[in-house]
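Engineer: Kindly return the folded structure for what I paste below:
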Amino acid sequence: MRQLRFFFLFFSVVITQGFAADPSYLDNAEVSQFIDDFSQRHQYSKSSLTALIGEVRKQNEVLDAIQRPAEKKKNWQEYRKIFITSRRVSEGLRFWAENEEILQLAGQQYGIPPEIIVAIIGVESFYGKYEGRFLVLDSLVTLGFEYEPREKFFRGELEHFLLLAREEKLDPRSVKGSYAGAMGKSQFISSSYRRYAVDFDRDGKRDLWNSSADVIGSIANYFKEHGWKPNLAVAFPVTVIGERHKLLLTKGMKPTASISELPQYDVLLPGGLLADRDEVALLELRKDDSSEYWVGSNNFYVITRYNHSHMYAMAVYQLSQLIKQEFKDYVVQN
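Structural biologist: Numbering: from 1, shown residues only. Predicted coordinates:
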């Protein structure tokens with residue numbers, strides 16, 4: 001009996017310790033160094049920052065999520081089904097109609113087509129329905145000090161977030177976003193928010209949660225700053241023969257081959273779609289038992305600056321085209 005009581009006592013201690021709360025990040029020497037450095041460089045109250053980070057606990061769900069992004073685990077068929085849906089198109093049409101004047105103004109000022117902006121918002125947050133459920137501060141501290149492959153990047157984003165919260169008068173303990181710290185309808189990470197967000201409605205603040213004008217203007221500014229070229233086609237399907245096209249695939253998503261060079265790689269593109277001097281990249285979209293091949297222009301590459309995945313950019317582009325095709329009829333009917 002004594003041995004049995006000892007066993008249960010030992011087992012309960014193990015279980016209790018196993019489920020104990022994670023230690024405070026203030027016990028981490030690298031976190032302490034971060035607090036010291038940040039406070040000094042940015043004239044930020046050390047006591048306030050210590051109290052702020054002292055409340056953060058390791059987010060295992062965030063660490064799990066960052067290691068299984070949809071772009072890596074799904075093929076094009078599976079990935080496309082997530083974003084190219086009749087509901088996302090219909091919501092996009094409604095968003096465009098409600099914000100047509102603002103979209104036109106953004107197009108005039110930044111040169112970005114309305115359908116591209118609308119599709120970005122649709123893919124990123126389903127027009128504000130899914131803006132994220134993780135506290136941004138918790139996510140960025142966890143990734144900055146627990147996710148070694150990109151700890152430098154996320155510590156940089158943590159710095160930007162703290163500065164953003166001060167600049168925009170946000171409560172850093174209440175701001176929610178994606179597991180990687182992206183925020184609002186546009187899902188800007190903190191550095192992008194600080195660099196590219198604009199006060200498009202001129203109310204004195206840059207609000208990517210509640211101001212559709214700021215969201216639209218900020219996305220348009222982001223695309224312009226990343227090199228969008230007005231009136232340049234985005235992407236076209238092509239036919240490939242033989243094996244030489246594989247040489248183009250090794251060059252990545254940044255356009256490097258002119259249209260006139262494509263035949264030497266056994267890539268067939270109908271004439272007249274792009275100028276011979278325009279450069280493109282060859283894209284392979286793998287399906288269950290085959291592949292689609294497209295060429296993407298500079299503007300396709302610009303979309304990948306939002307998310308460095310050719311499947312993401314293609315989902316945005318195809319959604320934009322479906323919304324554009326139906327918009328005129330939608331306006332007439334409504």
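Engineer: which residues in the stretch 1-150 of the chain form helices?
Structural biologist: Counting by DSSP state H, counting those that start in this stretch, the stretch 1-150 of the chain has helices at residues 2-18, 29-42, 46-54, 60-66, 70-73, 76-83, 86-98, 100-110, 114-125, 136-146.
Engineer: out of those helices, nearest to His226?
Structural biologist: helix 100-110 (11.1 Å; Cβ to Cβ). Quick note: C-beta positions are derived from backbone N, CA and C, even for glycine.
Engineer: for that closest one, the distance to its chain's centre please.
Structural biologist: Offset of helix 100-110 from its chain centre (Cα atoms, centre = their mean, to the nearest Å): 22 Å.
Engineer: Ile216 contacts Ala106, doesn't it?
Structural biologist: Yes. Counting by Cβ atoms under 8 Å, Ala106 is a contact partner of Ile216 at 5.0 Å.
Engineer: what residues are shared contacts of the two?
Structural biologist: Contact criterion Cβ atoms under 8 Å, 6 or more residues apart in numbering; residues shared by Ile216 and Ala106: Ile117, Phe200.
Engineer: In a markdown table, list the helices of the stretch 1-150 of the chain along with mean pLDDT.
Structural biologist: A markdown table is the format used below for these (pLDDT from 0 to 100):
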| stretch | mean pLDDT |
| --- | --- |
| helix 2-18 | 46 |
| helix 29-42 | 97 |
| helix 46-54 | 96 |
| helix 60-66 | 95 |
| helix 70-73 | 72 |
| helix 76-83 | 95 |
| helix 86-98 | 97 |
| helix 100-110 | 98 |
| helix 114-125 | 98 |
| helix 136-146 | 98 |
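Engineer: Looking at those helices, which is nearest to Phe188?
Structural biologist: Nearest of those (Cβ to Cβ): helix 114-125, 9.1 Å.
Engineer: Could you figure out how far the closest one is turned away from helix 100-110?
Structural biologist: Calculated by axes from the mean of the first three to the mean of the last three Cα atoms, to 10 degrees, helix 114-125 forms an angle of 110 degrees with helix 100-110.
Engineer: remind me, longest strand of the chain?
Structural biologist: strand 279-286 (DSSP state E).
Engineer: quick one, longest helix in this structure?
Structural biologist: Ranked by number of residues, the top helix in the chain under DSSP state H is helix 310-333.
Engineer: Select, out of the helices of the stretch 1-150 of the chain, the one closest to Ile241.
Structural biologist: Of all the helices of the stretch 1-150 of the chain, it is helix 76-83 that lies closest to Ile241, at 20.5 Å by Cβ to Cβ.
Engineer: how far out from the middle of the chain is that closest one?
Structural biologist: Distance, stretch centre to chain centre, for helix 76-83: 16 Å (Cα atoms, centre = their mean).
Engineer: One more: stretch 102-112?
Structural biologist: Relative to its parent chain, stretch 102-112 has a centroid offset of 21 Å by Cα atoms, centre = their mean.
Engineer: Stretch 245-255 too?
Structural biologist: A distance of 23 Å separates the centroid of the chain from that of stretch 245-255, by Cα atoms, centre = their mean.
Engineer: Using neighbour counts, pick out the buried residues of that stretch.
Structural biologist: Going by neighbour count (16 or more other Cβ atoms under 10 Å), the buried part of stretch 245-255 is His245, Leu248, Met253, Pro255.
Engineer: Can you add secondary structure and give those back as TSV?
Structural biologist: Listed next are those as TSV, based on DSSP: H, G, I helix; E, B strand; the rest coil:
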residue	secondary structure
His245	helix
Leu248	helix
Met253	coil
Pro255	coil
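Engineer: of all these, which comes closest to Glu146?
Structural biologist: Nearest to Glu146 among the buried residues of stretch 245-255 is Met253, at 29.5 Å by Cβ to Cβ.
Engineer: Pull the longest strand of the chain out as CSV, backbone CA atoms only.
Structural biologist: The C-alpha coordinates for strand 279-286 follow below in CSV (Å, rounded to 0.1, in the frame of the first residue of the first chain):
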residue,chain,number,x,y,z
GLU,A,279,10.6,39.8,-69.3
VAL,A,280,8.8,36.9,-67.7
ALA,A,281,9.4,34.0,-65.3
LEU,A,282,8.1,30.4,-66.0
LEU,A,283,5.8,29.1,-63.3
GLU,A,284,4.8,25.5,-62.6
LEU,A,285,1.6,24.8,-60.7
ARG,A,286,1.6,21.2,-59.7
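Engineer: Starting from it, tell me the next helix or strand along the chain.
Structural biologist: Once the chain leaves strand 279-286, the next helix or strand it forms, by DSSP states H and E, is strand 291-296.
Engineer: Could you list the alpha-carbon positions for that following strand in CSV?
Structural biologist: The C-alpha trace of strand 291-296 is given here as CSV (Å, rounded to 0.1, in the frame of the first residue of the first chain):
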residue,chain,number,x,y,z
SER,A,291,1.1,20.5,-63.9
GLU,A,292,0.0,23.8,-65.3
TYR,A,293,2.5,26.2,-66.8
TRP,A,294,2.2,30.0,-66.8
VAL,A,295,4.5,32.9,-67.4
GLY,A,296,4.4,35.8,-64.9
